[in-house]
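> here is a sequence together with a model predicted from it:
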Amino acid sequence: MESLAQRAALLRDSLQKSQSVTDAVVSILGSFDSRLSALDAAMRPIQVRTHAVRTAHENIDRTLRSADVILTQFDRTREVLHRFNLKIPYFLLYMLAEREIQKGPHENLQGFLDAVDRLRSIERFFSSNRSYRSSDGVLNHVNALLSKALVKMEDEFQKQLTQRSKPIEPDRLFDCLPSTLRPSSESHPEGGKNPSHSENQQNSEAAVYSPPALIEPRFIPFLAKLAQQLVQAGCQQQCSEIYSEARASALESSLKSLGVEKLSKDEVQKMPWEILESKIGNWIHFMRIAHASGDTFCYKQVKLLFAAERQLCDQVFECSQSLRDKCFAQITRNSLATLLSFGEAIAMSKRSPEKLFVLLDMYEIMCELQADIDTIFVGESCSQMRESALSLTKCLAQTAQKTFSDFEEAVEKDATKNIHIDGTVHPLTSYVINYVKFLFDYQSTLKQLFQEFKREDGTGSELATVTMSIMQALQNNLDAKAKQYKDPALMHIFLMNNIHYIVKSVRRSEAKDLLGDDWIQRHRRIVQQNANQYRRIAWSKVLQCLSGQGLTSSGGSGQVGSEGGNSSGASRAAVKERSFNVLFEEIYQKQCGWSVPDTELRESLRLAVAEILLPAYRSFLKRFGYVSLKPHYM
C-alpha cells in the first residue's frame, strides 16, 4: 500500500507539472493570436492598394489596345479618303502630329517624321483647296507647327553630329593600315630610302585596308533621314553648315593627333636634315592614311580619312548629290591644304643631292594617289583641290628633275682636294656609286618622271642615259683628282682602284643590265690600261738596271760570266754602279704606303709585276751571276 501511495504521489506531481506547462503554452498561443490579428489589420490597406494598382494596369492595357484599334481604323479611313480625294479630317491628323512633334525626334524618329509628313499632307490639301473658310487658319497652324518641327530637327541633327563626330586616334588609324605601310622607327640609309622599298611597294599594291568607323553605323540612317527632311524643307544651307562644322573639326583633330602640322618654306629651310627627313617620312604615311588607294566605291581596298569622309558624306546626303559634294569640299579643304602645304614647302626649298630620294618618295606617293584624289574629290566643288594636288605633283617632279641635274653637275665639279696619299678609292666614288644604286629602287618612278621632261631631240631622258652621264661625270672628276698626285705611278694606281670599284659595283647591281656589257668591258679595259701604266712607270728604272745595257767594257780586260767567261765584256764596277738593290729598296719603301684595297686586284697586280720583273732578274743573274744583287728581303 505504501508503494502504491508513493506512486500515486509521483503521478500527482507529474500531472501538476504537465498542467503548468499546458497553461504556459495556452498563454503563448493566446499572445500569437492577438499579434496575427494586428498584422492582418496592418496588411489589409496594402492589399487594397495592390488590387487597385493591378486593376489600373488592366484598364490601361485595355485602353491601349482599344486605342491601337482606333488608330488602325483611322489610318485605313484616311487612306480611303485620300484615295477618293475626299476632305480629310485635318484636326485629327493635326492633333496626332502635334503630339509627336512635341515629344521631338530623339524618342521616336520614325513617328516624328510620320507626323511631319501628315502636316505636309494637310498643308498641301488646304493650299490646293483655298475655298474652305478655315483654310487660312489651318495653314497658319500647320506652318507654325512645321517650323517648330524644323527647329527640333536642326537641333537634333546638330546634337547627334556633335556627339558622334569624334577624332580618330592614331593607333586606330595605324591599325587600319597593312603592317608594311605603318610608320617605322628605323632610319633610312643616308642619301636614300629604305633598301626594302621595292618590296614594301609591292606589298602596298596588294594590301587590303580595314575601314575606320567615323560614326557608328547604326546612327547613319538616323542622320540621313534628318538630312533628307531638312533638305526637303529648303534648309540646305543650315544643314550644310551644321554638318561641315562638326565633321571638319573632327577631321582636323584627327590629323593633328597624328602630328600633321603646317610648315612654311622658311621653317623647312631652317630645319636640320635629320628632323626634316623624319617629317617627310611621316608626311608620306599621312598621305596614305588620308587617301589610301582603290576606288571609292570598291570595298576590296578600304580608304582612310578623306575617302571614309567622302563615304560618310555620301551616305548622310544620299538625297542630294550637289549638297554632298559641297559639304565634302568644305570639310576637307583646310585639312588637304595643310597636307599639301608641307609638300610645297619641301619642293620649293633649297635643292641638295640628299633631298632627291625624299622628293622621289613624295612624287611617287602623289602619283600613286592622283587617281584616288580625282575619284574622292569629285565634282565642281572640289575642282580647286584636285588642281592643287596635281600642281604639287608637277612641282615635285620639276624639283626632282632639277636636283637630278644638279647632282650630275656637282659630281663633275666636285672640288674636294683631300685625296688619299695611298691612292685608294675616293669617298666621292663610293658616294656616287651608292647614290646610283639607290636610284634603281625608283626605276618605275624615274621612268614616269623622265617622260614628263623630254630632251630637245625629242627622245626621253631614260635612266640608262642619265646613269651613264653620272658615271662619265664621276670619271671626269677622278681624272682631274688623279692629276694631284705627283708620282705618275700612284696616279694610275688611284685611277685603277676607283674605276675597278665602279666596274665591280655595277656588275653586282641592277645597273649591269641597264648599262650593258659593252660599258662594263670598256671600263675593264680602262682598269687594265692603268694597271699597265703603273707597271711600266713604277718599274721602268729597275728593268733598265736589269737589262745589262751599257755594261760592256771596251777594254775587255776583266771577263765576267756565269761560267767565268767574259763574253759580255761587262765589268764588276759597272754592275755595282747600276745599284739594283738601291732602286728596288726605294720602290719597295715607296709602295709600302700605297693601297690596292680589292684583294683580287691586288693579287693580279702582283702577278703582273712578277711577270716582267722575275724573268729580267733571272736573265741578269744568268749573265752576271757573280754579282750579288738579291735584296735582303727577297
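That came through, no problem. Numbers count the residues shown, from 1 in each chain.
> now Gln114, nearest residue through space, not along the chain?
Residue 114: Asp, not Gln. Closest residue to Asp114 apart from its sequence neighbours, by Cβ to Cβ, 6 or more residues apart in numbering: Glu100 at 7.1 Å. From N, CA and C alone the C-beta is placed, and that goes for glycine too.
> report the contact partners of that neighbour.
By Cβ atoms under 8 Å, 6 or more residues apart in numbering, the residues touching Glu100 are 108, 111-112, 114-115.
> just the buried ones among these, please.
The neighbour count (16 or more other Cβ atoms under 10 Å) marks 111-112, 115 as buried among the contacts of Glu100.
> returning to what we had before: so how far is Ser381 from the residue nearest to Asp114?
36 Å (Cβ to Cβ, to the nearest Å).
> repeat that for Arg54.
Applying Cβ to Cβ, the value for Arg54 to Ser381 is 63 Å.
> between the two, which has more neighbouring residues?
Taking neighbours as other Cβ atoms under 10 Å, Arg54 and Ser381 compare with Ser381 leading, 18 against 10.
> skip the chain neighbours and tell me the closest residue to that one.
Spatial nearest neighbour of Ser381, chain neighbours left out: Ala329 (3.9 Å); criterion: Cβ to Cβ, 6+ apart.
> now do the SS call for the one you found.
helix (DSSP: H, G, I helix; E, B strand; the rest coil).
> how close does it sit to Phe306?
Distance, Ala329 to Phe306, by Cβ to Cβ: 11 Å.
> which of those two has more neighbours?
The neighbour comparison of Ala329 against Phe306 (other Cβ under 10 Å) goes to Phe306, with 27 against 20.
> confidence score at that one?
According to the prediction, Phe306 has pLDDT 86.
> could you find the closest non-adjacent residue to it?
That would be Ala290: by Cβ to Cβ, 6+ apart, it lies 4.9 Å from Phe306.
> number of residues surrounding Tyr617?
For Tyr617, the count of nearby residues is 20 (other Cβ under 10 Å).
> same check on Val138?
Val138: 20 surrounding residues under other Cβ under 10 Å.
> kindly report the same for Gly379.
By other Cβ under 10 Å, 14 other residues sit near Gly379.
> before we move on, what about the one 10 residues further on?
If you count neighbours by other Cβ under 10 Å, Ala389 ends up with 23.
> of the contacts of Glu100, which is the nearest to Pro353?
Using Cβ to Cβ, Phe112 comes nearest to Pro353 of those, at 66.1 Å.
> you'd agree the closest one is up against Glu98?
No - counting by Cβ atoms under 8 Å, Phe112 does not reach Glu98; the two are 11.5 Å apart.
> and the longest helix seen in the chain, what does it pack against?
Taking DSSP state H as the assignment, the helix of the chain that covers the most residues is helix 2-83. Contacting helix 2-83 under the criterion 3 or more Cβ pairs under 8 Å, 6 or more residues apart in numbering; DSSP states H and E is no other helix or strand.
> check the offset of that helix from the chain's centre.
Offset of helix 2-83 from its chain centre (Cα atoms, centre = their mean, to the nearest Å): 75 Å.
> where does the prediction get shaky in the stretch 451-600 of the chain?
Flagging of the stretch 451-600 of the chain using pLDDT under 70 yields the residue ranges 453-461, 548-579.
> just the helices in it please.
Counting by DSSP state H, counting those that start in this stretch, the stretch 451-600 of the chain has helices at residues 463-482, 488-507, 511-547, 572-578, 580-591, 599-623.
> give the buried residues for the longest one.
Looking back up the chat, that one is helix 511-547. The neighbour-count check on helix 511-547 (16+ other Cβ under 10 Å) flags 511, 514-515, 519-520, 523, 526-527, 530-531, 533-535, 538-539, 542-543, 545-546 as buried.
> report the angle between that helix and helix 580-591.
Per axes from the mean of the first three to the mean of the last three Cα atoms, to 10 degrees, the angle that helix 511-547 makes with helix 580-591 is 150 degrees.
> equivalent analysis for the last one, please.
Angle of helix 599-623 versus helix 580-591, following the same axes, to 10 degrees, is 170 degrees.
> so how far is Ile46 from Ile60?
Distance of Ile60 to Ile46, computed by Cβ to Cβ: 21 Å.
> cool, and Lys413?
Computed as Cβ to Cβ, the Lys413 to Ile46 distance reads 106 Å.
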